[in-house]
Every structure is written in structure tokens, then in C-alpha cells.
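**Student:** Kindly generate the corresponding structure for this input.
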Amino acid sequence: MIGRLTGTLFDKTPPRIGLDVQGVGYEIDVSMTTFYALPEVGAQVTLLTHLTVREDAHILFGFSTTQERATFRELIKVSGIGARTALAVLSGMSVEELSQAITLQEPARLMRVPGIGKKTAERLLLEMKGKLGADLGHSLSANTAASSNTQSDVIHALTALGYSERESLSAVKGLPEGLNISDAIRHALKGLSK
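**Tutor:** Numbering: from 1, shown residues only. I've put the predicted structure just below:
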């Protein structure tokens, strides 16, 4: 298994890139998230990789983060989801957005990705539930670790009060930044009472 490659970027033609590793040129398929994070051609790049071996081809997929690669590996375990579809999902939404859609069980968000229909979205939500890690579901695209911790604490408080995880996550979405924990809980409770 090829787990990581470091080399010089020699081609950027979405969704494939070319990476020269000590004279060997690798063609690597990447998500658009990874593609947009890449530097210009000629720069040094390190990518985490996943090798798929098929009867007719060996295909390398590249990722800029361990979270993205781990999510890709979980996606391809879902029945009916191939590597290309998994890459399309990761191109259409970030790992955090995917985790939120799974936690909140929102098939409509997944159906915005080309190639994902209603049945596939529902199967994805069912089979991926609880597999991306609670920390991803609770990050909710927080800009700082402090606000992420506050959101996590608010979610724990709301679930302890008897609200479902789905209701708690929805309440945390609308929180203004910079609130301390007690104000954030009050604000979330006001939102839930409407």
C-alpha cells in the first residue's frame, strides 16, 4: 500500500494531478477540496494516498488531511459507493459538512452532490451514522478551538437536559461567537423554546 507521497507537482488538471517523486511520475486523483489547497506547479507537495486496485487499473487517490482520507475510506465501505462517488462527495462538501449532514440526518445536503440520488443519500446516512467521530460532528465549522469547546459544552448540556443530539446541534448552529458557556446555553434554550 502506498500511504504517502512527497514530490514536485508537475501537472494540475482537475480532478487529477501529476506528482514527480524522484523521477517517477504518479497520476493521483484528488478531491476538489484538496485540489484548491495545492500550491502552483513546480512546488513540493506531500499527499496522503489511498491505492485502489481493480482488475483493469491501479488508481491512486490523494488527500491533504488525514481526516479527508479517513472519511474517504469510510465512504467506500458503504454498499453502492465506489471510489469515484466518494471523491465526488468530498469534492462537493467538506468533511465537517458531511459529518453535520450525517449527524442531523439531512439527505437533501447529500443530494446536492452530483451522482447522489435520494436512495444513495439515505443509505449513506444510515451506514455512516456514528463513523466519522463525535468531534467532527460537534466542530460545526468553528473558527477557534475555544468556540468549538463552547459549542461542544452546550451540546452536552442540552442533551443532559433531555434534548436530542439533533435538536442540540440545530440550536448550536445559530449561536453568536464569543459567548461564554452559560450565555450560550441560555441563547440555545431560547432558540429551542420558539
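**Student:** residue closest to the middle of this protein?
**Tutor:** Residue closest to the mean C-alpha point of the chain, counted by C-alpha atoms, centre = their mean, is V95 at 0.9 Å.
**Student:** contacting residues for it?
**Tutor:** 65, 67-68, 71, 132, 136 (C-beta atoms under 8 Å, 6 or more residues apart in numbering). Using the backbone N, CA and C atoms, a C-beta is placed for each residue, glycine as well.
**Student:** And the pLDDT for the most far-flung residue of the chain relative to its centre?
**Tutor:** Distance to the chain centre peaks in the chain at G23, reaching 32.5 Å (criterion: C-alpha atoms, centre = their mean). Listed pLDDT for G23 reads 94.
**Student:** what are the ranges of the helices in this protein?
**Tutor:** Here the chain has its helices, by DSSP state H, at 32-37, 66-75, 83-92, 95-103, 107-111, 118-128, 134-139, 145-160, 165-173, 181-193.
**Student:** Quick one: residues contacting T85.
**Tutor:** Contacts of T85 by C-beta under 8 Å, 6+ apart are 75, 115-116, 120.
**Student:** Can you say which of those residues are buried?
**Tutor:** Taking 16 or more other C-beta atoms under 10 Å as the criterion, what is buried in those is 75, 116, 120.
**Student:** Skipping adjacent residues, who's closest to the last one in space?
**Tutor:** Which is T120. Of all residues not flanking T120 in the chain, G80 sits nearest, at 6.3 Å (C-beta to C-beta, 6 or more residues apart in numbering).
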